[in-house]
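S.K.: Give me a model of this one.
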Amino acid sequence: MSTLNRLVGHVGYLNWYLDRPSEIPLCSDLNESLPLPDLTDVKILWPNRYSWSGGSLCMGMVKEALASIVPVELRDVSERDREWHERGGFPVPGDKTSSLGKPRNPKFPNDIRGDIFEVQCGSRRIRCAYDYSDFPIVSTEIAGQVDLYFKCVTPKTQIPANVASVGYFPSRPRLLARARRMVFERPVTKNIDVYGRFGTWTDSQEIREKLVTRMQESSVRFQGGFGTIVFPAYLKELMRTRVALDAPGNAPITYRLPEAMALGAVVVCAPPECVFPEALDNGVHYAATRADGSDVIEVCEELLRDQDRMAKIARNGMKFFDRNFSPQSRARRILRHAVALTK
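M.R.: The predicted model follows:
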């Protein structure tokens, strides 16, 4: 999409951008699945600047979710953290440096995006790292310097004992909040059978091209392909979608996984090469293809023939989003882990 067309597209959705910020509405009671501990005398000491120049979105959504529960105070970056902070992120562990620059791996020695904050519980401070990097790699150097290391894209391999999976996140939570409110307020006609719209700049382009080609050469009604559109238009397409395809980007998953689940589409993808706080079960929360996606047509056709099964998976996926991908669930997990460490 050209710059001019994109600008015109944004203007067409001006009311989305001017909408009053709000939390993403949930369909689950987190007080049941993630009850909060006693938060008397608990507050967050948050960095007043981030190590990565683009970190305000990923860090900001967690900060806002925490601030809705406990007080948050800004603090200067400590002297002990200044070296890695000025280099743009957490250091890549030594056993991974040989992979620097390879597809779906960090590009430079401090390419694990994250920052450090503290949870103060009375007189005790719990030093915490928050790693929102695309890569399922733990910065072992940082993990050794903190009490808790919160990881969004958690590897399936063995991890240090103080590393906790807190779940992935949507790319623009405020816009997703508006779209989800619309889904909750009135029924949306699902007239897109299979949807998959992909960018062309990631390390997984070959996988995406094979997936899109298979769909376009099939008899399945498919909408999407390559080339992005303005974000509200993309969300409106997702709202109308029965089955949404996800494929790796730079990370094992993309934002499509949480965003499609949030809006009630059934996600079809290969089993992700990462883990979440809760198990993502094939046939329960999503529908899995083979690792190479070679059976994507068969998986989609089988789903489309069984409306009841699709509806059940979609409902489970929406709840999975609430408990694993929403900013509120990540804030609750952070507080639960930090307070538990003081007991």
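S.K.: Got the confidence number for V8?
M.R.: Note on V8: pLDDT of 55.
S.K.: again but with I159, I slipped
M.R.: I159 carries a pLDDT value of 95.
S.K.: and the closest residue to it other than its chain neighbours, what does it touch?
M.R.: Of all residues not flanking I159 in the chain, V138 sits nearest, at 5.5 Å (C-beta to C-beta, 6 or more residues apart in numbering). Every C-beta, even on glycine, is put in place using the N, C-alpha and C of the backbone. Neighbour list for V138: 93, 131, 149, 151, 155, 159-160, 163 [criterion: C-beta atoms under 8 Å, 6 or more residues apart in numbering].
S.K.: Show me how this structure divides into domains.
M.R.: 34-167+327-340, 173-324 (automatic domain parsing).
S.K.: now those as CSV including distance to S22?
M.R.: Output for the domains of the chain, formatted as CSV (distance: least, C-beta to C-beta, whole Å):
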stretch, distance to S22
domain 34-167+327-340, 10
domain 173-324, 5
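S.K.: which helices and strands does the helix or strand harbouring E118 pack with?
M.R.: Per DSSP states H and E: E118 is located in strand 114-121. Identification of packing neighbours for strand 114-121 by 3 or more C-beta pairs under 8 Å, 6 or more residues apart in numbering; DSSP states H and E yields strand 42-47, strand 124-131, helix 327-340.
S.K.: What are the buried residues along stretch 174-181?
M.R.: For stretch 174-181, the neighbour count (16 or more other C-beta atoms under 10 Å) marks 174-180 as buried.
S.K.: I'd guess R180 is in a helix, am I close?
M.R.: Yes. According to DSSP: H, G, I helix; E, B strand; the rest coil, the state of R180 is that of a helix.
S.K.: just to revisit the earlier point, can you redo the buried residues of stretch 174-181 as CSV with distance to M261?
M.R.: As requested, the buried residues of stretch 174-181 are exported to CSV (distance: C-beta to C-beta, whole Å):
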residue, distance to M261
R174, 18
L175, 16
L176, 11
A177, 15
R178, 17
A179, 12
R180, 11
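S.K.: which one of the residues you listed sits closest to I69?
M.R.: A177 (17.2 Å; C-beta to C-beta).
S.K.: got the contact list for the nearest residue to the closest one once chain neighbours are set aside?
M.R.: Leaving out its chain neighbours, the residue that sits closest to A177 by C-beta to C-beta, 6+ apart is I24, at 4.4 Å. Residues in contact with I24 (C-beta under 8 Å, 6+ apart) are 170, 173, 176-177, 180, 262, 326-328.
S.K.: I24: what secondary structure?
M.R.: I24 is classified as coil under three-state DSSP.
S.K.: what's the answer for R104, then?
M.R.: Of the three states, R104 takes coil according to three-state DSSP.
S.K.: Neighbours of it, how many?
M.R.: By other C-beta atoms under 10 Å, 17 other residues sit near R104.
S.K.: residues in contact with the closest residue to it other than its chain neighbours?
M.R.: Among residues not flanking R104 along the chain, D203 sits closest, at 4.7 Å (C-beta to C-beta, 6+ apart). Counting by C-beta under 8 Å, 6+ apart, D203 makes contact with 103-104, 248-250.
S.K.: Mind doing that once more with 6 Å?
M.R.: The neighbours of D203, taking C-beta atoms under 6 Å, 6 or more residues apart in numbering as the test, are 103-104, 250.
S.K.: From start to finish, how long is stretch 34-50 in a straight line?
M.R.: By C-alpha to C-alpha, to the nearest Å, the extent of stretch 34-50 from end to end equals 28 Å.
S.K.: buried stuff in that stretch?
M.R.: Neighbour counts over stretch 34-50 (16+ other C-beta under 10 Å) mark 34, 37, 42-47, 50 as buried.
S.K.: and the residues you listed as TSV, adding pLDDT and distance to P71?
M.R.: Formatted as TSV, these follow (pLDDT from 0 to 100; distance: C-beta to C-beta, whole Å):
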residue	pLDDT	distance to P71
L34	98	20
P37	97	16
V42	98	8
K43	98	4
I44	98	7
L45	98	10
W46	98	10
P47	98	16
Y50	98	20
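S.K.: What angle do helix 327-340 and the helix ranked longest in the chain make with each other?
M.R.: The longest helix of the chain (DSSP state H) is helix 307-324. Angle of helix 307-324 versus helix 327-340, following axes from the mean of the first three to the mean of the last three C-alpha atoms, to 10 degrees, is 50 degrees.
S.K.: What residues of helix 307-324 count as buried?
M.R.: By neighbour count on 16+ other C-beta under 10 Å, the buried set for helix 307-324 is 310, 313-314, 316-324.
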